[in-house]
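*Asks:* Need a 3D model of the following:
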Amino acid sequence: MSTEKQRVNEAAAYIEKKLGFRPTIGLILGSGLGVLADLIEEAVVIDYSDIPHFPVSTVEGHASELVAGTIKGRQVVMMKGRFHQYEGYGAETVAFPVRVMKELGVQTLIVTNAAGGVNTSYEVGDLMVIQDHINFMFRNPLIGPNDDELGVRFPDMSEAYSRRLGKLAHSVAEKQNFSLREGVYLGLLGPTYETPAEIRMIRTLGADAVGMSTVPEVIVARHAGIEVLGFSCISNMAAGILDQPLSHQEVMETTERVKPKFLQLVLGIIEEL
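*Replies:* The predicted structure is shown next:
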């Protein structure tokens with residue numbers, strides 16, 4: 001057994017003792033979107049600091065709690081607050097909780113993020129189904145010796161984001177009388193927002209939204225055989241588009257505004273999984 005597998009087992013064993021059930025759906029929620037945790041029934045809340053080998057989130061809008069329980073009759077485990085490489089964590093550390101989710105029994109992962117709109121047809125407050133991503137973090141959480149118990153050495157990423165789940169998301173949104181965008185998410189290290197020149201480059205590369213998370217988590221999820229559905233909340237238009245400075249405050253204000261729509265969408269999806 002590799003050291004990584006041992007660490008995963010120790011973290012999962014601690015959580016299992018607290019839960020008493022095996023969740024099948026995992027959720028990782030971005031800036032300001034952790035309110036979904038308030039809707040979990042019979043919730044068990046565990047501080048990240050209590051879980052063996054777990055890092056701790058240091059960013060405003062990200063709590064540091066693992067919350068598990070029932071939503072719409074489905075057993076779920078949720079990261080209320082995620083980790084980022086710009087906090088000083090390695091890619092493998094950022095994605096470590098995904099391995100733990102797999103060990104707990106998770107088969108489907110829903111990831112969300114707050115992102116800058118690169119596609120000029122987008123508007124602040126849009127919700128985008130992530131169709132694919134571009135890893136401009138230039139770091140991969142799978143670098144190093146591979147443990148075949150965790151996944152294959154060279155995992156396929158041709159369908160990093162499940163087309164089946166993407167269609168389901170559009171179907172649920174249609175029933176709720178709104179439409180979703182669908183596009184490519186580009187992940188950067190941060191923590192600085194991008195320059196206008198970088199945004200022009202990113203648009204040329206084919207991305208529709210840009211952010212500082214999600215990519216390492218999705219890579220590890222696919223390595224583990226977990227099916228992934230991803231969303232970006234377009235929390236601001238990227239640098240140079242509206243000729244105004246960017247701020248985390250704007251991100252938080254936008255996610256607060258779209259919260260009701262986002263919550264209903266995720267609840268509807270979970271109900272149909």
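*Asks:* For the stretch 1-150 of the chain, give me the ranges with low pLDDT.
*Replies:* Applying pLDDT under 70 to the stretch 1-150 of the chain flags the ranges 31-32, 58-63.
*Asks:* Beta-bridge partners for the residue most central in space within the chain, please?
*Replies:* Most central in the chain under C-alpha atoms, centre = their mean is Val111, positioned 2.9 Å from the mean C-alpha point. Beta-bridge partners for Val111, by DSSP bridges, are Ile28, Gly230.
*Asks:* and stretch 95-115, how far from the chain's centre?
*Replies:* With C-alpha atoms, centre = their mean, to the nearest Å as the basis, stretch 95-115 stands 8 Å off its chain's centre.
*Asks:* what's the span of that stretch from first residue to last?
*Replies:* End-to-end distance of stretch 95-115 (C-alpha to C-alpha, to the nearest Å): 19 Å.
*Asks:* how about it: buried residues?
*Replies:* Of all the residues in stretch 95-115, those buried under the rule 16 or more other C-beta atoms under 10 Å are 95-106, 108-115. Using the backbone N, CA and C atoms, a C-beta is placed for each residue, glycine as well.
*Asks:* For the stretch 151-273 of the chain, give me the ranges with low pLDDT.
*Replies:* For the stretch 151-273 of the chain (pLDDT under 70), the answer is 238-248, 250-251.
*Asks:* Strands along that one, start to end?
*Replies:* 181-187, 209-211, 227-237 (DSSP state E, counting those that start in this stretch).
*Asks:* Among these, show me which one is buried the most.
*Replies:* Each of the strands of the stretch 151-273 of the chain was scored by mean neighbour count; the highest is strand 209-211, a mean of 27, by mean count of other C-beta atoms under 10 Å.
*Asks:* about what we covered before: distance check, the residue nearest to the centre of the chain against Val56.
*Replies:* 19 Å (C-beta to C-beta, to the nearest Å).
*Asks:* And the helices in the stretch 51-200 of the chain?
*Replies:* Using DSSP state H, counting those that start in this stretch, the helices of the stretch 51-200 of the chain run over 91-94, 96-104, 163-175, 196-205.
*Asks:* what would those look like in JSON lines with distance to Glu271?
*Replies:* Shown next, in JSON lines, are the helices of the stretch 51-200 of the chain (distance: least, C-beta to C-beta, whole Å):
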{"stretch": "helix 91-94", "distance to Glu271": "30"}
{"stretch": "helix 96-104", "distance to Glu271": "20"}
{"stretch": "helix 163-175", "distance to Glu271": "8"}
{"stretch": "helix 196-205", "distance to Glu271": "35"}
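*Asks:* quick one: which of those is nearest Arg22?
*Replies:* Nearest to Arg22 among those is helix 96-104; the distance by C-beta to C-beta comes to 6.2 Å.
*Asks:* Kindly spell out which helices and strands sit in contact with that closest one.
*Replies:* If you count contacts as 3 or more C-beta pairs under 8 Å, 6 or more residues apart in numbering; DSSP states H and E, helix 96-104 packs onto helix 3-19, strand 25-29, strand 74-80, helix 215-223.
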